[in-house]
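A.B. asks: 3D model of this:
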Amino acid sequence: MGIYEELVARGLIAQVTDEKEIRELINKGGARFYIGFDPTADSLHVGHFMALCLMKRLQEAGNKPIVLLGGGTGMIGDPTGRSDMRAMLTKEEIQYNIDCFKKQMSRFIDFGEGKAIAVNNGDWLLNLNYVDVLRDVGPHFSVNKMLTAECFKLRMERGLSFLEFNYMIMQAYDFYYLHEKYGCNMQFGGNDQWSNMLAGTELIRKKTGKDAYAMTITLLLNSEGKKMGKTAAGAVWLDEKKTSPFDFFQYWRNIDDADVDKCLKMLTFIPLNEINEMEKWPDNRINEKKEILAFELTKLIHGEEEALKAKQAARALFTGEGDDENMPSTELDNVSSEGLGILDILVITKLASSKGEARRLVEQGGVSLDGEKVTNFNLVVSKEQLTKGIKIKKGKKIFHRVSLK
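C.D. replies: The predicted structure is shown next:
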């Protein structure tokens, strides 16, 4: 089985421009492909995870990745899938985010000599002359055709700014620039980027007469059709300071039963024949499969040692086996002799964003302290209890240890 056939079997491919040519190119290791990442935050998140895994799979098959970091496009913001305009970032913020991205990507991609390269489109986009772009690129774009693009539809309902309208042109120009400077012959991206990617292949064809290809990755959706990687607290980040290895593990350990087999295929590097055998397991082994999924993905992001710690902590919490010392924890200082109120503790540990939210959690029966449900939002946890250490449970699956320094 070639790498293209494996991608199909894993359910990773959504759309391709030229299937025969793309299959031959990547199966022979002849693709010099790029995937773009706009640095809108200081960490990658689960939404980027599949793209990183795809780059890793293709590189291991002999193809050469180009990581495109959007120092230029990040100054504008991609309107795809958004109902409002993105917050404008400064150049300094964008550069800081780019540096964070590079560090995280190195866990997946080999940037050694003759291997993958990372480029910043700010190096060429920010120096372009506006009139030159209008004359050189503008004639190759039809406004009527651009307005029919899927990526603009949601924004058209509320008003699409001219700033955002140019994003497609900038992304297409990126592909053209990479094609000319680095021999890039293929672009990969999320299925919601299809219109932007086609614009790039067309610009290359019109300006050079050569063919370039595009392939979109299946979006990571749950069984309800919603994007995975979001929790009530926000995105699931790849940075351990924003989402701890334990919380990352727990996210995958707690996904819906219907999504487990799909995630094993799309996200892990477990051989397909092993996954196919796991699909035959009886329903009473679903939690075993979830633990395998959570462990494999946590190992990919945080390393095997952290993955083992997270698994042991989860087992300790839910089965009474293993070591619960590795659950998320907070050490307090400067606690008065009277102790500390439960609402304050919930806010300090970030289990609640405010005292108001903390109070609602308690009133709704969503907080337990050392196995006992908290019913009084005026409860004060004594200094003696905090010295020994307490275990707070929020909802059914979120645990946190609190103690004094």
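A.B. asks: Could you use CA atoms for every contact and neighbour count after this?
C.D. replies: OK.
A.B. asks: For Gly194, which non-adjacent residue is closest in space?
C.D. replies: No, residue 194 isn't Gly; it's Trp. Thr216 (6.6 Å; Cα to Cα, 6 or more residues apart in numbering).
A.B. asks: hey, what's that neighbour bridged with?
C.D. replies: Using DSSP bridges, the bridge partners assigned to Thr216 are Gln15, Gly189.
A.B. asks: Can you tell me how far it is from Gly30?
C.D. replies: Thr216 sits 18 Å away from Gly30 when distances are taken as Cα to Cα, to the nearest Å.
A.B. asks: which of those two has more neighbours?
C.D. replies: The residue with more neighbours, out of Thr216 and Gly30, is Thr216; 21 against 15, by other Cα atoms under 10 Å.
A.B. asks: In terms of pLDDT, where does the more buried one sit?
C.D. replies: pLDDT for Thr216: 93.
A.B. asks: what sits against the residue nearest to Trp194?
C.D. replies: Counting by Cα atoms under 8 Å, 6 or more residues apart in numbering, Thr216 makes contact with 13-16, 188-191, 193-194.
A.B. asks: For Met55, which residues are in contact?
C.D. replies: Here Met55 is in contact with 65, 108-109 (Cα under 8 Å, 6+ apart).
A.B. asks: Secondary structure element holding it?
C.D. replies: Per DSSP states H and E, Met55 falls inside helix 46-60.
A.B. asks: Run through who's touching the very next helix or strand once past that helix.
C.D. replies: Scanning forward in sequence from helix 46-60 by DSSP H and E, the next helix or strand is strand 64-69. Residues outside strand 64-69 that contact it (Cα under 8 Å, 6+ apart): 29-39, 55, 58-59, 98, 115-121.
A.B. asks: I'd like the average pLDDT over strand 64-69.
C.D. replies: On average, strand 64-69 scores 96.
A.B. asks: quick one, it and helix 46-60 angle?
C.D. replies: Orientation check (axes from the mean of the first three to the mean of the last three Cα atoms, to 10 degrees): strand 64-69 against helix 46-60 gives 150 degrees.
A.B. asks: Parallel or antiparallel, list what pairs with strand 64-69.
C.D. replies: Paired with strand 64-69 in the same sheet, following DSSP bridges, are strand 32-37 (parallel), strand 117-120 (parallel).
A.B. asks: Please list only the buried members of the contacts of Thr216.
C.D. replies: Buried members of these, counted by 16 or more other Cα atoms under 10 Å: 13, 16, 188-191, 193-194.
A.B. asks: Spatially, which two of those are the most separated?
C.D. replies: Longest distance between any two of the buried ones among the contacts of Thr216 is 13.2 Å, between Ile13 and Gln193; criterion Cα to Cα.
A.B. asks: got the buried residues for the helix or strand harbouring Tyr177?
C.D. replies: In the assignment (DSSP H and E), Tyr177 maps to helix 167-182. For helix 167-182, a neighbour-count test (16+ other Cα under 10 Å) marks 167-179 as buried.
A.B. asks: Could you do stretch 344-357 as well?
C.D. replies: The neighbour-count check on stretch 344-357 (16+ other Cα under 10 Å) flags 344-349, 351-352, 355 as buried.
A.B. asks: what does stretch 255-268 give?
C.D. replies: Those would be 255, 259-268, for stretch 255-268 by 16+ other Cα under 10 Å.
A.B. asks: Stretch 280-290 too?
C.D. replies: Neighbour-count burial for stretch 280-290 flags 286, 289-290 (criterion: 16+ other Cα under 10 Å).
A.B. asks: follow-up on the earlier one: in JSON lines: the strands paired with strand 64-69, plus mean pLDDT.
C.D. replies: Putting the strands paired with strand 64-69 into JSON lines (pLDDT from 0 to 100) gives the following:
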{"stretch": "strand 32-37", "mean pLDDT": "94"}
{"stretch": "strand 117-120", "mean pLDDT": "94"}
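A.B. asks: Quick check on Pro282: phi, psi?
C.D. replies: phi -70, psi 160 (degrees, to the nearest 10).
A.B. asks: separation between it and Glu288?
C.D. replies: With Cα to Cα as the criterion, Pro282 and Glu288 are 11 Å apart.
A.B. asks: Then Asp257?
C.D. replies: Counting by Cα to Cα, the separation of Asp257 from Glu288 is 11 Å.
A.B. asks: OK, contacts around Leu386?
C.D. replies: By Cα under 8 Å, 6+ apart, the residues touching Leu386 are 339, 402-404.
A.B. asks: Checking Ala41 next. Helix, strand or coil?
C.D. replies: Recorded secondary structure, Ala41: coil (DSSP: H, G, I helix; E, B strand; the rest coil).
A.B. asks: give the contact list for the residue located most distally from the centre of the chain.
C.D. replies: Centroid-distance maximum for the chain: Ser337 at 43.8 Å, with Cα atoms, centre = their mean. Residues near Ser337 by Cα under 8 Å, 6+ apart: 382-383.
A.B. asks: Kindly recompute the last result at 6 Å.
C.D. replies: Going by Cα atoms under 6 Å, 6 or more residues apart in numbering, Ser337 touches no other residue.
A.B. asks: quick check, it in a strand?
C.D. replies: No - judged by three-state DSSP, Ser337 forms no part of a strand; its state is coil.
A.B. asks: and the closest residue to Ala172 other than its chain neighbours, what helix or strand is that in?
C.D. replies: Spatial nearest neighbour of Ala172, chain neighbours left out: Gly200 (3.7 Å); criterion: Cα to Cα, 6+ apart. Assigned by DSSP H and E, Gly200 belongs to helix 194-208.
A.B. asks: Give me the buried stretch members for that helix, please.
C.D. replies: Going by neighbour count (16+ other Cα under 10 Å), the buried part of helix 194-208 is 194-204.
A.B. asks: what ranges do the helices span in the stretch 251-400 of the chain?
C.D. replies: Ranges of helices in the stretch 251-400 of the chain, per DSSP state H, counting those that start in this stretch, are 260-267, 272-278, 286-302, 304-318, 342-348, 355-363, 383-388.
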